[in-house]
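1. Prediction below, plus the sequence it came from.
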Amino acid sequence: MKLTRRVKDILANYESDNPGTKANLARILMEGKLGGTGKLVILPVDQGFEHGPARSFGPNDAGYDPHYHYQLAIDAGCNAYAAPLGSLEAGAGTFAGSIPLILKMNSANSLSTQKENADQAVTASIQDALRLGCSAIGFTIYPGSEAMYNQYEEFRELSKEAKSYGLATVLWSYPRGGAVSKDGELAIDVIGYGAHMAALLGAHIIKVKLPSAHLEQAEAKKVYESKNIPIATQAERVKHIMQCTFNGRRIVVFSGGATKGEDAVFEDARAIRDGGGNGSIIGRNAFQRPREDALKLLDRIMKIYQGRE
Amino acid sequence: MKLTRRVKDILANYESDNPGTKANLARILMEGKLGGTGKLVILPVDQGFEHGPARSFGPNDAGYDPHYHYQLAIDAGCNAYAAPLGSLEAGAGTFAGSIPLILKMNSANSLSTQKENADQAVTASIQDALRLGCSAIGFTIYPGSEAMYNQYEEFRELSKEAKSYGLATVLWSYPRGGAVSKDGELAIDVIGYGAHMAALLGAHIIKVKLPSAHLEQAEAKKVYESKNIPIATQAERVKHIMQCTFNGRRIVVFSGGATKGEDAVFEDARAIRDGGGNGSIIGRNAFQRPREDALKLLDRIMKIYQGRE
Amino acid sequence: MKLTRRVKDILANYESDNPGTKANLARILMEGKLGGTGKLVILPVDQGFEHGPARSFGPNDAGYDPHYHYQLAIDAGCNAYAAPLGSLEAGAGTFAGSIPLILKMNSANSLSTQKENADQAVTASIQDALRLGCSAIGFTIYPGSEAMYNQYEEFRELSKEAKSYGLATVLWSYPRGGAVSKDGELAIDVIGYGAHMAALLGAHIIKVKLPSAHLEQAEAKKVYESKNIPIATQAERVKHIMQCTFNGRRIVVFSGGATKGEDAVFEDARAIRDGGGNGSIIGRNAFQRPREDALKLLDRIMKIYQGRE
Amino acid sequence: MKLTRRVKDILANYESDNPGTKANLARILMEGKLGGTGKLVILPVDQGFEHGPARSFGPNDAGYDPHYHYQLAIDAGCNAYAAPLGSLEAGAGTFAGSIPLILKMNSANSLSTQKENADQAVTASIQDALRLGCSAIGFTIYPGSEAMYNQYEEFRELSKEAKSYGLATVLWSYPRGGAVSKDGELAIDVIGYGAHMAALLGAHIIKVKLPSAHLEQAEAKKVYESKNIPIATQAERVKHIMQCTFNGRRIVVFSGGATKGEDAVFEDARAIRDGGGNGSIIGRNAFQRPREDALKLLDRIMKIYQGRE
Amino acid sequence: MKLTRRVKDILANYESDNPGTKANLARILMEGKLGGTGKLVILPVDQGFEHGPARSFGPNDAGYDPHYHYQLAIDAGCNAYAAPLGSLEAGAGTFAGSIPLILKMNSANSLSTQKENADQAVTASIQDALRLGCSAIGFTIYPGSEAMYNQYEEFRELSKEAKSYGLATVLWSYPRGGAVSKDGELAIDVIGYGAHMAALLGAHIIKVKLPSAHLEQAEAKKVYESKNIPIATQAERVKHIMQCTFNGRRIVVFSGGATKGEDAVFEDARAIRDGGGNGSIIGRNAFQRPREDALKLLDRIMKIYQGRE
């Protein structure tokens, strides 16, 4: 498969990685309808772990079956499908080679009472990623949480091992816990900070939430204001996040959050595109809709990333 | 031994497992009176660890002898016998090859003062399971407990090793601790969540308690109510649990709980059968009755699973 | 599954083995039409490696397909199926749990020019045996060959590892090479010697060829003659072999050799039975006949071992 | 040395252990004046660690010399001598082969401030036990302590390793810490529970304190009372403990506690004997008396176990 | 990428492999112009090692540059590119993700004086394959050579490790050395034997030379003649080879040999296609021709496999 110039340029940014990791990044970047554009739409299904099965799959109960999500990701032309160990195992044989897989290595759940010290359990191993044919591992950090240093160290170990085997890494960076306020979790300075630390931790693909214009940290606020860093529009904020992640040298995708109206979803996608972001990780907004609606929605998002809308 | 079509269909769901693990699942599914039906009755005897010997074996003191339980499981035609290390060691030579064994890897005890952080001690190793000729390991998690993430990580390590050697895994998922209320331990949303996480952790066989119609988590409650998920009858709740465990792609057995009247036991079995569950793990209701009564009770339960009552 | 008294008595001879190994021996001894009798008929298909595919499967070309042999062993009611790595891999998923498997660990081939130093290549590992769900490993030694000491040491390593994981071992002891004459390969003193060394090497099941009345070693000959050890009839020679293998404390099965007339096969089985041998490993005489003929032949052999003919 | 029928019967209960472990148990059971009777008197000297040297050896200062205890155990005809690493090292050369040794692997000390979370330090390794020629390792657990699960896991690791090398294990089960009251430490239900857990953890020899008739746990109390489990006399309580340890399938010895009058010591021994216990671990009551008194006292205890008093 | 039914059917034959290995086989089978057809054309460039650079690349000196071969394989639409360590390293970064790679693990060279004991040096590791992003490892055995048993054992170790990491294996089976005559190297019985052993060794893809109708081994000859095994035409011989490799359950590709006329190359391809073979490994006939000629030749071969010529 001939890589596009755009994909080659992106890969060139990963200049310390071995060809195995580059090949896996290439597999993700060349897959599906956005294959070759440098844009990505990834289907993640770890909400069953995070919020429980009924909240996740009750709205569209076909989603209780792990095969449903594999097939949805393939039929929609996504770049990759991300899920925890058990879900991947339940379909990895049937769908071997059909779509790049991202093994989500750690997961939290809503039964947990942790707040300031929000953490996750590491529920899979690099060996699992290899035997299941995955292209990357996924890992979540909670910048701000009292557990964050331990999380960073867990990621260091997994990432080191993953890179040595030619796997890529996707880092979910979700500020939370510690002294981070509820508004602060989405603040542009905090999200930018979390994205930057993800880059510093050596992640290949960084996943953050779409930031608000709120500024959480006093010292940071001074700089944003004195330097007039433009953060008024969503596209400006995306552009700033790209700046925070090695000025565009790392792939960044943005999460869609809870189910919402289609227009809001498309608006997000346009802002990500216009700000120079690499794409979306869209879970609930895809799999909680009926299959045909989900396929249409994903198709339109991809058209937006292709600049066709 | 020719496997039945039903057993082959169940095995096909374990598509990422090696033939060794499939063979051990097949051994359990093909054993005893329910052999080949896809239904299971497993005898577990870890209550001595959990509640102490007198509470467990005082009601029928033949049970102080580990050989008693091996023989009971064999004579009753159970699919497997599950117990902690010492109990299995005390009879594994005499009964080698006579019934599939499940080595219970961790155990709690009632001397513990842990509540929110309920935990268990890991008291056996994979090498023990292999040298004792076991077909599977058993492990308990307490979803909700502050210790849960650590438990999930213990299971990850044991499970990874077990699978590499062709062993199967049975995961006891008992919500407890943390913010889970006493009623919440049996709530349908919480049991369903615990069962789902067991599946996500990669368990082959999942064991949960029979859920009540109570709804514990506010966010989940909204979904159950708005989507009219049917949970009024026990059979409906069992059906929902099967949905929560990959829509029937994983074997789920239900525990009988404390000793109770025969009619209640049979009613449970019928609900499990009618809801599409795979069977029962029956401990105290079997070994705390006199041997002849236990054999009769187990025989009738098996008849229910065979659809003969 | 309740073991028979006979099988329990046999297992009692393996008194230093862990319950895992005993359970695997029990699985083999309790399987198929001879299950529980202490007699065995094992289907081995490693002749493709030893003599090439056309010589092995040309006479009945259904045998080119590895599934054919699995199904033949199951349908015939054999105790176990033995084959090299690739053959087992090609069917271990489909037939998981359907019949005890013996992974043949080493193999020679007829392209080899080795004579005095006849050897084999070790082509599989214990980890392979476990992931494929095997009950035992099989290994061939050539007592007499200049390579034998190295072979014994290879077996030591594999056997040690196998026993620690609860696997059983089957040792093919085929005198060959070195100063052993062509007649000597079947001589009663040499076969007895080879069988005895197999027992001394710690094998659980020993496989030898049916010996002739020839005496190869001068010093041995003196003893056989001066002590009037009865070796005139085949049954007497089998009885002597059982004596050479710890006086009946080890399971011994005899190989059928090249395809021959049915009557000769049945005569062999009767001699093995009358001499107290444990059974037959029948390869070419089974799979080189058309399937229906093979099933009939194996059925009749089993009837002979059951004492019904 | 021909084992007695009684010792062979005891060894038969250890049916999953390898012959090495059985041989070490046999060595202990066949040693000294009680050799072959199935009864044991073991000399333990770990009180220096537990209570300090002056409290331990001040009363009879010959005991400051480790050789003193070796010689005392040998001269008294004990079955084994148990001590921490340093003590054993100080005499293991001189007395090599003179008496079975038990290496005490963990120890607490009275400088510790731990209460609810009472714990011990692991101060020796299996390799130490082997190089010193020990027959067994000794380990203490504190059922009830907040540290107990960790202790169980430490024992799992040491026990697994010990068994693989053919060593036996002696588990001191002393309920303490957590919610266990002072009376509860000796309560029959708690001691029985602690003894049962020791058996479940896979210990070969279990050491507990002589229990009182107190009942600590409310749920257990109901069973003892409703089932009229006889616990009025010391002998009855010993009998119950034997029941709690696999109905007599495990060796149980009882500790003597602090120094007391000779009559009390003899009374204890008679109760242990009459209740079917296997013997005593007698430390302070032996080594804190002058040597001649100690020898006389031990001799008389052994006579009691022989049924001669 | 949606797999075709044909590719899914082929993958189903690898029933003991983990999803990782299946995914890598799928990547090879879905790549290039033949992607999805179940047919393959692989470009191998290890002749520099085997015959020296001038003999290999003199005819078309663009081939001295490793990038040339990567680009040729990609532009021609091959399924994979196979080469030794150094060649792959020289382009794996530039071409990461552009084409499935096969790391040739061992190589011989024409400076060697080995004849009867023809061998190869293992020049790469599994870790190399992973860091370079390879989908498979390649290995050569010389059935017949005095070194063959050692080669088989080298492959066992590499293959076991490769499979555990989800890599596929390609086994070059080239009878040579020992008593194999020059004609024998291509004899149908010998090639069939070599192909069969490759399957038995657990290879996923088997590479052999196109066999002649010569029969080398006397015992085999009898069978071919008595059973009238059809081997007169090249297509018949290919068909027989497919039979020898588990009756079509393994992928087999045929090597083109030394540079020859285009018509001969196409004739070979048609025979492979008509005999049911999976395709060609074409090295010298591709890279020793000028690039445009090579592209045309490869295109036409692929058209033949597509049944379009």
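-> Okay, I see it.
2. Show me which residues of chain A sit near chain E.
-> A:1-3, A:7, A:11, A:18-27, A:29-31, A:74, A:92-93, A:96-99, A:127, A:130-134, A:164-166 (Cβ under 8 Å from any Cβ of the partner chain). For every residue, glycine as well, the C-beta is placed using N, CA and C.
3. Apply 6 Å and report the result again.
-> A:2-3, A:18-20, A:22-23, A:26-27, A:92-93, A:96-98, A:130-133, A:165-166 (Cβ under 6 Å from any Cβ of the partner chain).
4. per-residue pLDDT, the closest residue to A:I126 other than its chain neighbours?
-> Counting by Cβ to Cβ, 6 or more residues apart in numbering or on different chains, A:I126 lies nearest to A:E161, which is 4.6 Å off, once chain neighbours are set aside. pLDDT for A:E161: 98.
5. give me phi/psi at the residue nearest the centre of chain A?
-> Compute the mean C-alpha point of chain A, and by Cα atoms, centre = their mean the closest residue is A:K207, 3.6 Å away. With angles defined as degrees, to the nearest 10, A:K207 sits at phi -120, psi 120.
6. So it sits against A:V253, correct?
-> Yes - A:K207 is within contact range of A:V253, at 5.2 Å (criterion: Cβ atoms under 6 Å).
7. what do those two both touch?
-> Residues touching both A:K207 and A:V253 (Cβ atoms under 6 Å, 6 or more residues apart in numbering or on different chains): A:I281.
8. Close to chain B: what parts of chain A are there?
-> Counting by Cβ under 6 Å from any Cβ, chain A sits next to chain B at A:48-49, A:52-55, A:58, A:64-66, A:84-86, A:89-90, A:92-94, A:111, A:113, A:121-123, A:125.
9. List buried members of these by neighbour count.
-> Neighbour counting with 16 or more other Cβ atoms under 10 Å in any protein chain shown marks A:48-49, A:52-55, A:58, A:64-66, A:84-86, A:89-90, A:92-94, A:111, A:121-123, A:125 as buried within the residues of chain A next to chain B.
10. residues in contact with A:L295?
-> Counted by Cβ under 6 Å, 6+ apart, A:L295 has contacts A:A76.
11. Report the secondary structure state of it.
-> Under DSSP: H, G, I helix; E, B strand; the rest coil, A:L295 falls in the helix class.
12. pLDDT wise, what is it at?
-> pLDDT, A:L295: 98.
13. now do A:G256
-> So, for A:G256, pLDDT stands at 75.
14. Please look at it and A:R284 and confirm they touch.
-> No - counting by Cβ under 6 Å, A:G256 stays clear of A:R284, with 7.1 Å between them.
15. packing partners for the biggest helix by length in chain A?
-> Scanning chain A for the longest helix, with DSSP state H as the assignment, gives helix A:148-164. Judged by 3 or more Cβ pairs under 6 Å, 6 or more residues apart in numbering or on different chains; DSSP states H and E, helix A:148-164 is in contact with strand A:136-141.
16. and the angle for the strand it packs on with helix A:148-164?
-> Following axes from the mean of the first three to the mean of the last three Cα atoms, to 10 degrees, one obtains 170 degrees for the angle between strand A:136-141 and helix A:148-164.
17. contact partners of strand A:136-141?
-> Against strand A:136-141 from outside (Cβ under 6 Å, 6+ apart): A:82, A:102-106, A:120, A:129, A:151, A:155, A:162, A:167-173.
18. for that strand, the distance to its chain's centre please.
-> Distance of strand A:136-141 from the chain centroid (Cα atoms, centre = their mean, to the nearest Å) equals 9 Å.
19. Could I get the buried residue list for stretch A:268-287?
-> Residues of stretch A:268-287 classed as buried by neighbour count (16+ other Cβ under 10 Å): A:268-269, A:271-273, A:275, A:277-287.
20. Relative to A:A220, how far out is the residue in chain A sticking out farthest from the centre?
-> Distance to the chain centre peaks in chain A at A:S226, reaching 31.6 Å (criterion: Cα atoms, centre = their mean). Per Cβ to Cβ, to the nearest Å, A:S226 is found 11 Å from A:A220.
21. between whichever helix or strand comes after the longest helix of chain A and helix A:148-164, how big is the angle?
-> With elements assigned by DSSP states H and E, the helix or strand that comes after helix A:148-164 is strand A:168-173. Here the directions of strand A:168-173 and helix A:148-164 differ by 160 degrees (the same axes, to 10 degrees).
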